[in-house]
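Student: Here is my input; please provide its structure:
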Amino acid sequence: MPIYNYTAKTVEGTVEKNTMEAIDQEHLQQKLRAQGFFLVSCKEENKSASAVKIKAMELSDFCRQIGTMMGSGVSLLRAMDIISQRDIKPRLKKVYQNLSVSLQQGVSLWESMEKEKGAFPELLVNMFAAGEASGKLDQTAMKMAIHYEKEYRLHAKIRSAAAYPLILLVITVLVMIVIFTFVLPNFFDMFKGTVLPMPTRIVMGISSVITGYWYIILIVLALAVGANSYLLSIPKIRAKFDRLKLRLPLFGKLLRTIYTARFARTLSSLYSSGLSMLDALSVSRGTIGNLYISNQFEDIIQQIRQGTALSVAMARVDGFDIKLASTIMIGEETGRLDDMLESVADAFDYEADMATQRLTTILEPLLIVLMAIIVGFVMISVMLPIYDMYNSIGT
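Tutor: Model prediction:
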C-alpha cells in the first residue's frame, strides 16, 4: 500500500504533517476525516530505486522454502541465509540477502520484508507478522505458498486462454495494414477515370488516409494512450472505469468471479492466521484489484464495527458474486468461517477457469468471422470495378 506524506488541518486550524498508508488519495482523505482532519496536500513517497516486484510463483517458492525448513527444525536466520545463497536470479538474491542481514541485526522477518518497499505485497507482510506473533510462521508460510501458487495458476490459465484470440486480433490488424498500404494502392491506379461503386470508394478513402497520414494516426494513438494512462491515474475516474468493467457483457461476469475469488482467498488466509476480521478486511480490500469495489469497504468496515453481520455487510458490496455472502452466512452459523471462505475461493477459481474457457470459445470464431468479413469486403471492393470494366469491354 502506498505511503503518503500529507499536510492536514482540523476545524480549529491545527496543522499536522505526517505520513500514512492509504490505497489512494481518496482513501487517505477518508482515514484523515475519521480522525477529525481535512487533507490540505499530499505526496506519495517514492519507492526505493532498488525495490523489486516479486512475482506470484517466486513468492510461492520463497514461502515454501521458509515453511519447509522451519518445519524441519531449521532456524529462521539459518533458513534465510540458505535461501539467499542459492543459485537464484540476481534481483531476488539482492532482496533475500537484505532480509538475511536485517535478521542478523535482530529485526523481525516481516519488518525486514517491509523495508524492501515494493518487493513483497502487503498481504504477505501482514501474514508473516501474524505468523511470527503466534509462533506459527512455518504453517503460515506454507499456507501462503499454496495461496500464491493458486493465484499464479489462475492468472496463467487466463493469460493462456486469452493468448490465441489476442494473436488472431494482432494478425487481423497487421493483415489489414498490409492490404491497405501496399496491396490496394496498386489496384487503384487501374481505376482512375472510372465511376467506382460505394464499397470501392470507402476502401480507397481508408487506404488514402492510412498511407497519407500514417504519422498523424501514430501521434493520435500515442496521445490517446497517454491520456488514458493519465485519466486512469485519477482515483475518481479509475473507480468509474472499474465500475464500468463490471457491467460489460461477457467480461463483467468473469471479472466479478475473479475479484470474488481473490478477495475470499485473501480474507480466508488472513482470518485463519489470527488477524481480527476488521484488520483482515482492511488488508483484503487492497488486493482485489478493483478500486470501485475497494472504495465500498470503508462503509462495510464501519457497519461491522456497529455490529452488522459480515454476511449482511458483504451482500451490499456491488461487484462480488452473491454466492459469497451466502457462503459467509453459512460459515458464521456453523462457526467455520475460515474453512467456508477457502472453499468458496476454490469454487470461484474453478468458475473463473471455466468462464475464461467459455469466453475464449466464443471469441475465437467471432474474430475469425470478423477477419473473414473485412477481407471479403476488401475483395468485393476490388472485384466490383474490375467486373464493371470487363462488362464494358464486352459491350
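Student: helices and strands of this protein: which one has the lowest mean pLDDT?
Tutor: Ranking every helix and strand in the chain by mean pLDDT, DSSP states H and E puts helix 184-188 at the bottom, with a mean of 75.
Student: Can you identify the element that follows that helix toward the C-terminus?
Tutor: Reading on from helix 184-188 to the C-terminus, the next helix or strand found by DSSP states H and E is helix 198-212.
Student: in that following helix, what counts as buried?
Tutor: Judged by neighbour count (16 or more other Cβ atoms under 10 Å), helix 198-212 contains these buried residues: 199-200, 203-204, 207, 210. From N, CA and C alone the C-beta is placed, and that goes for glycine too.
Student: ok, now stretch 166-174?
Tutor: Here stretch 166-174 shows 168, 172 as buried, counting by 16+ other Cβ under 10 Å.
Student: Quick one: distance of it to the chain centre.
Tutor: Chain-centre distance of stretch 166-174: 23 Å, with Cα atoms, centre = their mean, to the nearest Å.
Student: quick one: average pLDDT of it?
Tutor: Mean pLDDT, stretch 166-174: 82.
Student: what does stretch 366-383 give?
Tutor: For stretch 366-383, the mean per-residue pLDDT is 83.
Student: now it, how far from the centre of its chain.
Tutor: In terms of Cα atoms, centre = their mean, the centre of stretch 366-383 is found 35 Å from the chain centre.
Student: Report the backbone C-alpha coordinates of it in PDB.
Tutor: Extracted C-alpha coordinates of stretch 366-383, given in PDB (Å, rounded to 0.1, in the frame of the first residue of the first chain):
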ATOM      1  CA  LEU A 366     -16.000 -14.300 -33.700                       C
ATOM      2  CA  LEU A 367     -12.500 -13.000 -34.500                       C
ATOM      3  CA  ILE A 368     -12.200 -15.400 -37.400                       C
ATOM      4  CA  VAL A 369     -15.600 -14.300 -38.800                       C
ATOM      5  CA  LEU A 370     -14.600 -10.600 -38.300                       C
ATOM      6  CA  MET A 371     -11.300 -11.200 -40.200                       C
ATOM      7  CA  ALA A 372     -13.200 -13.000 -43.000                       C
ATOM      8  CA  ILE A 373     -15.800 -10.200 -43.300                       C
ATOM      9  CA  ILE A 374     -13.100  -7.500 -43.500                       C
ATOM     10  CA  VAL A 375     -11.000  -9.400 -46.100                       C
ATOM     11  CA  GLY A 376     -14.200 -10.300 -48.000                       C
ATOM     12  CA  PHE A 377     -15.300  -6.700 -48.100                       C
ATOM     13  CA  VAL A 378     -11.900  -5.600 -49.400                       C
ATOM     14  CA  MET A 379     -12.000  -8.300 -52.100                       C
ATOM     15  CA  ILE A 380     -15.500  -7.300 -53.200                       C
ATOM     16  CA  SER A 381     -14.500  -3.600 -53.300                       C
ATOM     17  CA  VAL A 382     -11.600  -4.500 -55.700                       C
ATOM     18  CA  MET A 383     -13.500  -7.000 -57.800                       C
END
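Student: Can you list the buried residues in it?
Tutor: Those would be 367, 371, 378, 381-382, for stretch 366-383 by 16+ other Cβ under 10 Å.
Student: what helices or strands is the least confident helix or strand of the chain leaning on?
Tutor: helix 198-212, helix 337-394 (3 or more Cβ pairs under 8 Å, 6 or more residues apart in numbering; DSSP states H and E).
Student: What segments of the stretch 51-200 of the chain are helices?
Tutor: All helices of the stretch 51-200 of the chain, identified by DSSP state H, counting those that start in this stretch, fall at 56-71, 76-85, 90-104, 109-115, 122-134, 137-178, 184-188, 198-212.
Student: in the first one, what counts as buried?
Tutor: It stands for helix 56-71. By neighbour count on 16+ other Cβ under 10 Å, the buried set for helix 56-71 is 56, 58-67, 69-70.
Student: One more: the fifth one?
Tutor: Of the residues in helix 122-134, those buried under the neighbour-count criterion (16+ other Cβ under 10 Å) are 123-132.
Student: In a markdown table: the residues you listed, plus pLDDT.
Tutor: A markdown table is the format used below for the buried residues of helix 122-134 (pLDDT from 0 to 100):
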| residue | pLDDT |
| --- | --- |
| 123 | 81 |
| 124 | 88 |
| 125 | 86 |
| 126 | 82 |
| 127 | 84 |
| 128 | 88 |
| 129 | 85 |
| 130 | 81 |
| 131 | 84 |
| 132 | 86 |
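Student: got these as JSON lines, with distance to residue 293 columns?
Tutor: Listed next are those as JSON lines, based on distance: Cβ to Cβ, whole Å:
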{"residue": "123", "distance to residue 293": "16"}
{"residue": "124", "distance to residue 293": "21"}
{"residue": "125", "distance to residue 293": "22"}
{"residue": "126", "distance to residue 293": "19"}
{"residue": "127", "distance to residue 293": "21"}
{"residue": "128", "distance to residue 293": "26"}
{"residue": "129", "distance to residue 293": "25"}
{"residue": "130", "distance to residue 293": "24"}
{"residue": "131", "distance to residue 293": "27"}
{"residue": "132", "distance to residue 293": "30"}
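Student: Please identify which of the buried residues of helix 56-71 is nearest to residue 224.
Tutor: When those are ranked by distance to residue 224 (Cβ to Cβ), residue 56 comes first, at 30.9 Å.
Student: quick one: the closest one and residue 93, what's the gap?
Tutor: Distance of residue 56 to residue 93, given as Cβ to Cβ, to the nearest Å: 19 Å.
Student: Kindly report the same for residue 39.
Tutor: 40 Å.
Student: Which one's more surrounded, those two?
Tutor: Higher neighbour count among residue 39 and residue 93: residue 39, with 18 against 15, using other Cβ atoms under 10 Å.
Student: which other residues reach the least confident helix or strand of the chain?
Tutor: Residues outside helix 184-188 that contact it (Cβ atoms under 8 Å, 6 or more residues apart in numbering): 203-204, 207, 211, 378, 382.
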